[in-house]
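K.L.:
test case, fold it:
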Amino acid sequence: MDTTAFLPTTLKEVKQRGWDALDVVLVSGDSYIDSPYIGAAVIGRVLEQAGYRVGIIAQPDIASAEDITRLGEPRLLWGVTGGSVDSMVANYTASRRKRRRDDYTPGGVNDRRPNRAVIAYTNLIQRFFKGTAPIVLGGIEASLRRVAHYDFWDDAIRRSILFDAKADYLLYGMAERSVVQLADSLKKREDVNHIRGLCYITKEPPGDYLELPSYEQVSEDKKAFINMFHAFYKNNEPLNARGLVQQHGHRFLVQNKPAEYLSQAEMDAVYALPYQRAQHPYYEDQGKARALETIRFSINSQHGCYGECNFCSIAVHEGRTVRWRSEGSIAAEAELIAQLPDFKGYILDVGGPTANMYGFECPIKLKEGACQDKRCIYPTVCGALKPTHKRQTALLKRLRKIPGVKKVFVGSGIRYDLVLEDKQHGDAYLKEIARHHVSGQLKVAPEHSEDGVLKAMGKPGHADLLAFKRKFDQFSKDAGKEQYLTYYLIAAHPGCTQEHMHSLRKFTSRELHISPEQVQLFTPLPSTYSALMYHTKVDPFTKKPIFVEKDAGKRERQKQIMTRKPGRGKRNH
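P.N.:
I've put the predicted structure just below:
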């Protein structure tokens, strides 16, 4: 494969382009997969399109200079990301056991991504490049750890990762717009502290920013941490967010207002960039990255999610406002995929964080920003949202008519409450899905059956799930297809006891007619409400105590209640 079609990873590739040096070097915890699903690749391509010379160093060895010095020193900035997954989540299970596999590492063996990769890579750069170009943190690990946060693996409040990494700047969120603005300002030697989506450290905070309780306060006082997180969470939408400041010792973390979301035309342009949809040969020679098997033939149709499940980090990283690509842009990508030499005719997914949020948003939110005092679809779907599946149905019909495409699957999860709420187009959409777009199983995420646990999760009650199941089963039968729903379930979430898990097992057996094999053990992700509950043992919305299972053995037991085979093991009270 021609390496010049990728961003350069070696000095030889830099020279092949006739360049004497790079403007930007990106350092990533993932193997270099040139795909619109991979954040480092997107940022690299966006900067390239803006006229900058960009290279990538993937998964550098942190014990030597060999990898990190391979491309030389960049003129403008280093961009450091832990990769597509927070490195602690990538490296450890919810039981804090080391993971053996990593789908973003060549060969799939989890032996290349360091713990706290963002910090490790920044230290690596500073060890071999003294007084170097600014180091800029980005990606989900940096984004979710940009303020003081609870860390499950330390079981403690950690400082903003910008302090711990000793980097110069942090870009949070998707960052396509803000990274170009930062590069432009650095090139012109202009002040960068005004850029939206930027975090930096200062001795004198801006006077008009909202001050959060300090790192020291939230470390000692759980009530202060709850108040801090509420303020942090509410200031994540570009239209109505304030800039934030948080004291750490004698200095201050400054978080500028979020970057404005890309317009649909700008999103389309990002996805039209020349991604190779392949792993760079330099890294593929070391072994294939398993993640490519799924994302190579999948299409990301939108960003953001207003589901706001309390255990999920998407709202904080991608935003609570859904933005979608045009039908033409998605069709053009499908046509490109259909021309790939190893394409067998199956597009494995068209979706986003939630597949069926494509094509509609709350008109009030689009004008004024997300509501501060309520959520779009919890505890019920807000009357202002008005879900419609008309656009996604039309999109799927168009995609399956593309020459060379045999099947288009919806592999992302579907919010069944949105389907039921759409009285005009919901049934037609679900019929279309059941007839044409299910690969044997359709993913839904009820997570639990018990009302108290569901409330702590921010999820709807199980009545909607059962109504959706009846419709899906009937539409599948009408289509003459034997296909099923796959259910995501969580054990040991705050508010969940062993008795709740026994009730869930009965529910899945009696109502869903399944014996679950795959049950996820709850992991408190940084900067999520569920992590806040786990740490404080308080429901942050009611301020009342909430049961939290922290004993590792009892957490595992909750999962085993669901996964053990009938007749095995004793019931634990």
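K.L.:
what sits against the residue nearest to F152 when sequence neighbours are not counted?
P.N.:
Spatially, and ignoring its direct neighbours in sequence, F152 is nearest to P524 (4.4 Å; CB to CB, 6 or more residues apart in numbering). In short, each C-beta sits where N, CA and C put it, glycine included. Neighbouring residues of P524 by CB atoms under 8 Å, 6 or more residues apart in numbering: Y150, F152, F311, S530, A531, Y534, H535.
K.L.:
what do you get for G72?
P.N.:
Contacts of G72 by CB under 8 Å, 6+ apart are L11, V14, A21, L22, V25.
K.L.:
I'd assumed T69 was in contact with the first one.
P.N.:
No - at 9.6 Å, L11 and T69 do not qualify as touching, with contact defined as CB atoms under 8 Å.
K.L.:
could you list the buried residues of the strand or helix carrying K12?
P.N.:
Here K12, judged by DSSP states H and E, is contained in helix 11-16. Residues L11, E13, V14 are the ones in helix 11-16 that count as buried (16 or more other CB atoms under 10 Å).
K.L.:
please convert the residues you listed to TSV, extending it with distance to K550 and pLDDT.
P.N.:
Shown next, in TSV, are these (distance: CB to CB, whole Å; pLDDT from 0 to 100):
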residue	distance to K550	pLDDT
L11	50	96
E13	49	97
V14	50	97
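K.L.:
which one of these sits closest to A5?
P.N.:
Minimum distance to A5 across those is 10.5 Å, recorded for E13 (CB to CB).
K.L.:
list the single closest residue to that closest one in space, sequence neighbours excluded.
P.N.:
Per CB to CB, 6+ apart, closest to E13 is T3, 5.5 Å.
K.L.:
tell me which residues touch that neighbour, please.
P.N.:
Counting by CB under 8 Å, 6+ apart, T3 has contacts T9, E13, Q16, H280, P281, Y282.
K.L.:
E511 too?
P.N.:
S449, H462, L466.
K.L.:
what score does G413 have for pLDDT?
P.N.:
Reading off the confidence values, G413 has pLDDT 89.
K.L.:
how close does it sit to T486?
P.N.:
Separation of G413 from T486 (CB to CB, to the nearest Å): 9 Å.
K.L.:
quick check: neighbours shared by these two?
P.N.:
K443, V444.
K.L.:
the helices in the stretch 151-300 of the chain, which residues?
P.N.:
In the stretch 151-300 of the chain, the helices defined using DSSP state H, counting those that start in this stretch lie at 161-165, 176-187, 215-220, 222-234, 264-271, 281-284, 292-295.
K.L.:
wait, which of these is closest to A492?
P.N.:
helix 222-234 (20.1 Å).
K.L.:
show me what counts as buried in that closest one.
P.N.:
K222, A224, F225, I226, N227, M228, F229, H230, A231, F232, Y233, K234.
K.L.:
dump those residues to CSV, plus distance to H502.
P.N.:
What follows is these, written out as CSV (distance: CB to CB, whole Å):
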residue, distance to H502
K222, 30
A224, 37
F225, 32
I226, 31
N227, 36
M228, 36
F229, 32
H230, 34
A231, 38
F232, 36
Y233, 33
K234, 37
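K.L.:
any idea which of the residues you listed is closest to L420?
P.N.:
Of the buried residues of helix 222-234, the one sitting nearest to L420 (CB to CB) turns out to be Y233, at 27.4 Å.
K.L.:
inside helices: which ones of the contacts of P524?
P.N.:
In this view, the contacts of P524 that belong to helices under DSSP state H are S530, A531, Y534, H535.
K.L.:
excluding chain neighbours, what is closest to the second one?
P.N.:
Residue nearest to A531 in three dimensions, not counting chain neighbours: P524, with 3.6 Å by CB to CB, 6+ apart.
K.L.:
got a pLDDT number for the one you found?
P.N.:
98.
K.L.:
isn't S439 right up against V408?
P.N.:
No - S439 is beyond contact range of V408, at 10.0 Å (criterion: CB under 8 Å).
K.L.:
so the two - more neighbours on which side?
P.N.:
V408 (24 against 13; other CB atoms under 10 Å).
K.L.:
OK, contacts around the more buried one?
P.N.:
A334, I347, V350, L396, L399, R400, H436, H437 are the contacts of V408 under CB under 8 Å, 6+ apart.
K.L.:
the fifth one: neighbour count?
P.N.:
Neighbouring residues of L399 were enumerated by other CB under 10 Å; the total is 23.
K.L.:
was I right about it contacting E333?
P.N.:
No - L399 is beyond contact range of E333, at 9.6 Å (criterion: CB under 8 Å).
K.L.:
which stretches of the chain have low pLDDT?
P.N.:
1, 566-573 (pLDDT under 70).
K.L.:
residue contacts, K390?
P.N.:
K390 touches G359, Q424, H425, Y429, counting by CB under 8 Å, 6+ apart.
K.L.:
by contact count, what packs against the longest helix seen in the chain?
P.N.:
The helix that spans the most residues within the chain, counting by DSSP H, is helix 462-478. Counting contacts by 3 or more CB pairs under 8 Å, 6 or more residues apart in numbering; DSSP states H and E, helix 462-478 is packed against helix 416-421, helix 426-436, strand 441-447.
K.L.:
hmm, 10 Å instead?
P.N.:
helix 416-421, helix 426-436, strand 441-447, strand 484-491, helix 498-510 (3 or more CB pairs under 10 Å, 6 or more residues apart in numbering; DSSP states H and E).
K.L.:
now L466: how far from L512?
P.N.:
8 Å.
K.L.:
which residues are common contacts for those two?
P.N.:
Shared contacts of L466 and L512 (CB atoms under 10 Å, 6 or more residues apart in numbering): P446, S449.
K.L.:
who's more crowded, the two?
P.N.:
Neighbours of L466 and L512, each counted by other CB under 10 Å, are more numerous for L512; the result is 19 against 16.
K.L.:
touching, the more buried one and F468? I think so.
P.N.:
No - using CB atoms under 10 Å, L512 is not in contact with F468; the gap is 11.4 Å.
K.L.:
what residues are shared contacts of those two?
P.N.:
P446, L485.
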